[in-house]
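Q: Got a sequence here, can you build the structure:
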Amino acid sequence: MQTIRLTMAQALLKFLDNQYVELDGKEYKFVKGVMGIFGHGNVTGLGEALEHHRGELTYIQGKNEQGMVHAATAFAKQKNRLQIFACTSSIGPGAMNMVTGAATATVNRIPVLLLPGDIFANRQPDPVLQQIEDPTDYTVTANDAFKPVSKYWDRITRPEQLMTAALNAMRVLTDPAETGAVTLALPQDVQCEAYDYPIEFFDKRVHHIERRPITAAACNRAVEVIRRKKKPVIIAGGGVHYSFATETLQTFAETFNIPVMETQAGKSALPWDHPLNMGGVGVTGTLAANVLAKEADLVIAVGTRLSDFTTASKTAFQNPDLEILSINVSPMDAMKMNAISVVADAKSALETIQEALQNVNYQSAYETTQLQALKAKWNEEVDRLYSMDLKEGLSQTRVLGEINRFIDEEDIIVCAAGGLPGDLHRLWRSKKPKTYHMEYGFSCMGYEVTGAFGVKLAEPEREVYALVGDGSYLMLHSELVTSLQEGRKITVLLFDNHGFQCIHNLQRAHGSDGFGNEFRYRSEETNKLTGDYLPIDFAQHARSMGAKAYTARTVEELREALKKAKQEKVSTLIDIKVLPGTNTDGYESWWRVGVAEVSASEKVTQAYQEMVKQVQRARQM
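A: Coordinates of the predicted model:
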């Protein structure tokens, strides 16, 4: 057997550089490169290997470990999970910073490979700098924190273990049903240890992503339930995009005249102005979608895990005869809400079910005029909100309207947390698939700027806009610097509304007078944060890092700033001063968050009673 002597770190890179995936006969290089921040846990191991690596892997220097994992996640999401970045960190706090990013990837079913450094496997220098010591179990290190947020976890304590671990990592990363964060903890001594690896370990390996076909029995079950229903609706989830099923979904809906609603991950599956696209559904849904959801006797859930936002905490569907048919590659997701499960690829399943339904001449009972009226009424509401002028200043919905009208239909927006996802899900008008990039599985504050950088890496020829609140921006904006370093221009549209206004609104809607969520000075009179708003110049902050920046307080200033930002060659930030509390809400939806059963506030007590009423309307399964 022919071998080659390499350190474990060198062997890992050589292996990753020769991994490919294949879908529908097309081959993709799977690992684009490595994002990293070096420390004593990885600089002399993986750092040395990356420095002298002669393959095709690109190295990108992160500025914050969580941020670079978000960038890698956004890259893979935009690539429909067909290409990834790995991320490496030192031990201790460097590794711990990646845990939130790991959870974000796993919750969203997005592949990302994490390579945190670990303490010495030989234990001779113990305890080393940044080592966590468990007196009851000395095998525990900081990296054990990755276990609950990883789809596969391993610690490589001998260099030859890499071969088993690497293959298992690829197994999970390339599995549409099981993918998420994969963590390989790499002890700093083992990274540097050499082994005679067999040459075939580094041969080109193609991982075939097979479209799981629907079985005949599952197809019969699906056709049987659909045939019995008069008012079905389709909920399009992220799986529609990952399966490349957007055209298939449109054809299916048109063939049987079934209205389509979108989750945050599924949005842009259909053009916003398609007659059957009713927009977002659930807590942040449109009036058109939520009215239809209440009346529906069947929900055809395609590639969605039916989260509480999609189902309005299980209150969205009120028809007593409702049944749910769930098409998903993941058995766990397919069975949620007591659904009739179809464990299959979205594209192939829809095509097969469509053919069978056409053979029995199925049509829904919707009148075209009814759907047109609902959609027209909602379009009027969006137009109203997009044109809302307030004498006090800029409303959030007016700003979104200006941005939506300005950008090109091929441009991509990125968002994740705060009040913006709700308004975007309801109001944003997407014309092309994959132009709406929302991380709302984990709704992780700080994803926006770093995610936009990851999307720009995936789509270098397209304009990418990060829509972010001031709260999220302050939490994490580190990869704005990396975008400048890499020459990957992104435009950050920062909505400055003086705090965590989304939660401030949620708090007040449940009986509070508002507490701890606005960026105010501490008042000497109340000893609380009830003073004036903090005046923060975010444009100046961005300039200090090398970005271009503008400030907008009026519609005219915003329009001018958008034009100038598009002409800039480097990353640009527009500091948009918006009025707090000018977001959208309601539209026949509800979100269960829990309210204090006992309180000194009468308003809180009333909110609790209202919650009890809503809970009684919710489905139990």
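Q: continuing past whichever helix in the chain runs longest, what's the next helix or strand?
A: Longest helix in the chain, counting residues (DSSP state H): helix 368-386. Helices and strands here follow DSSP states H and E; after helix 368-386, the next one along the chain is helix 396-406.
Q: next helix or strand past that following helix?
A: strand 412-415.
Q: does Gln540 really touch Ala549, like I thought?
A: Yes: assessed by C-beta atoms under 8 Å, Gln540 is found in contact with Ala549 at 7.2 Å. In this view, the C-beta of every residue, glycine as well, is placed from N, C-alpha and C.
Q: So for these two, which residue has more residues nearby?
A: Ala549 (23 against 12; other C-beta atoms under 10 Å).
Q: Next one, pLDDT for that one please.
A: Ala549 carries a pLDDT value of 98.
Q: between whatever helix or strand it lives in and helix 396-406, how big is the angle?
A: When elements are assigned from DSSP H and E, Ala549 belongs to strand 548-552. Using axes from the mean of the first three to the mean of the last three C-alpha atoms, to 10 degrees, one finds that strand 548-552 and helix 396-406 are set 130 degrees apart in direction.
Q: mind listing what strand 548-552 pairs with, with the direction of each?
A: strand 572-577 (parallel) (DSSP bridges).
Q: from the chain's centre, how far out does the partner strand sit?
A: Here the centre of strand 572-577 is set off from its chain's centre by 23 Å, with C-alpha atoms, centre = their mean, to the nearest Å.
Q: And the next helix or strand past that strand?
A: helix 602-617.
Q: And Gly25, how close does it get to His208?
A: For Gly25, the distance to His208 equals 10 Å [C-beta to C-beta, to the nearest Å].
Q: Between these two, tell me which one has more neighbours.
A: When neighbours are counted by other C-beta under 10 Å, Gly25 and His208 differ, and His208 comes out ahead with 10 against 5.
Q: My guess is the more buried one contacts Asp24. True?
A: No: His208 is not in contact with Asp24 according to C-beta under 8 Å; the separation is 10.4 Å.
Q: Contact partners for Met261?
A: Contact partners of Met261, counting by C-beta atoms under 8 Å, 6 or more residues apart in numbering, are Val233, Ile234, Ile235, Ala236, Met278, Gly279, Gly280, Val281, Gly285, Ala289, Leu292, Ala293.
Q: Looking at neighbours, which among those residues is most surrounded?
A: Going by other C-beta under 10 Å, Val281 tops the contacts of Met261 with 32 neighbours.
Q: Out of the contacts of Met261, which comes closest to Glu48?
A: Ala236 (46.6 Å; C-beta to C-beta).
Q: Now do the lowest-mean-pLDDT helix or strand in the chain against helix 396-406, angle only.
A: Least confident helix or strand, the chain: helix 501-509 with a mean of 82, by mean pLDDT, DSSP states H and E. Relative orientation of helix 501-509 versus helix 396-406 (the same axes, to 10 degrees): 140 degrees.
Q: what's the neighbour count on the nearest residue to Val140 once chain neighbours are set aside?
A: Leaving aside its chain neighbours, Val140 sits nearest to Asp134 (4.1 Å; criterion: C-beta to C-beta, 6 or more residues apart in numbering). As a burial measure, Asp134 scores 10 neighbours (other C-beta under 10 Å).
Q: so Asp134, which of the three states?
A: Three-state assignment for Asp134 (DSSP: H, G, I helix; E, B strand; the rest coil): coil.
Q: start at 484 instead
A: Understood, numbering begins at 484; the last thing we discussed is Asp617.
Q: Tell me the predicted confidence for it.
A: Looking at Asp617, its pLDDT reads 91.
Q: ok, and for stretch 987-1000, which residues are buried?
A: Buried residues in stretch 987-1000, counted by 16 or more other C-beta atoms under 10 Å: His987, Asn988, Leu989, Gln990, Arg991, His993, Gly994, Ser995, Asn1000.
Q: And it, end to end?
A: Using C-alpha to C-alpha, to the nearest Å, the end-to-end distance of stretch 987-1000 comes to 6 Å.
Q: got the domain boundaries for the protein?
A: 486-691, 699-857, 870-981+1017-1060 (automatic domain parsing).
Q: possible to save those as a markdown table with distance to Met1104?
A: As requested, the domains of the chain are exported to a markdown table (distance: least, C-beta to C-beta, whole Å):
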| stretch | distance to Met1104 |
| --- | --- |
| domain 486-691 | 22 |
| domain 699-857 | 4 |
| domain 870-981+1017-1060 | 22 |
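Q: With adjacent residues omitted, what lies nearest to Thr583?
A: Thr583's closest residue in space is Gln549 (C-beta to C-beta, 6+ apart), at 5.2 Å.
Q: What is the burial count for that neighbour?
A: Around Gln549 there are 26 residues (other C-beta under 10 Å).
Q: Which element, helix or strand, includes it?
A: Assignment of secondary structure by DSSP H and E places Gln549 within helix 548-561.
Q: Now do whichever helix or strand comes after that helix, average pLDDT.
A: Per DSSP H and E, helix 548-561 leads on to strand 567-572 as the next helix or strand towards the C-terminus. Strand 567-572 shows a mean pLDDT of 98.
Q: Would you list the strands that strand 567-572 pairs with, along with their directions?
A: strand 514-519 (parallel), strand 595-601 (parallel).
Q: And the next helix or strand past the longest one?
A: Along the chain past strand 595-601, the next helix or strand (assigned with DSSP H and E) turns out to be strand 635-638.
Q: Sheet partners, orientation included, of that next one?
A: Strand 635-638 has its sheet partners listed here by DSSP bridges as strand 664-670 (parallel).
Q: which residues are contacting the partner strand?
A: Contacts of strand 664-670 (C-beta under 8 Å, 6+ apart): 491-492, 495, 525, 528-529, 584-586, 588-589, 594-604, 624, 626, 629-630, 632-640, 648-649, 652, 655-656.
Q: Which of those residues are buried? Put it as a ChimeraX command.
A: This is how ChimeraX selects the buried members of these, with burial counted by 16+ other C-beta under 10 Å:
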select :491,492,495,525,528,529,584,585,586,588,589,594,595,596,597,598,599,600,601,602,603,604,624,626,629,632,633,634,635,636,637,638,639,648,649,652,655,656
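Q: Setting aside sequence neighbours, what's the nearest residue to the residue nearest the centre of the chain?
A: Centroid-nearest residue in the chain, with C-alpha atoms, centre = their mean: Glu922, separated by 2.2 Å. Distance criterion C-beta to C-beta, 6+ apart; nearest residue to Glu922, sequence neighbours excluded, is Ala899 at 4.2 Å.
Q: give the contact list for Thr589.
A: Thr589 touches Val632, Ser633, Lys634, Gly663, Ala664, counting by C-beta under 8 Å, 6+ apart.
Q: I'd like a version of the residues you listed in CSV, one that adds distance to Leu977 and pLDDT as further columns.
A: What follows is the contacts of Thr589, written out as CSV (distance: C-beta to C-beta, whole Å; pLDDT from 0 to 100):
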residue, distance to Leu977, pLDDT
Val632, 29, 98
Ser633, 32, 98
Lys634, 34, 98
Gly663, 30, 98
Ala664, 28, 98
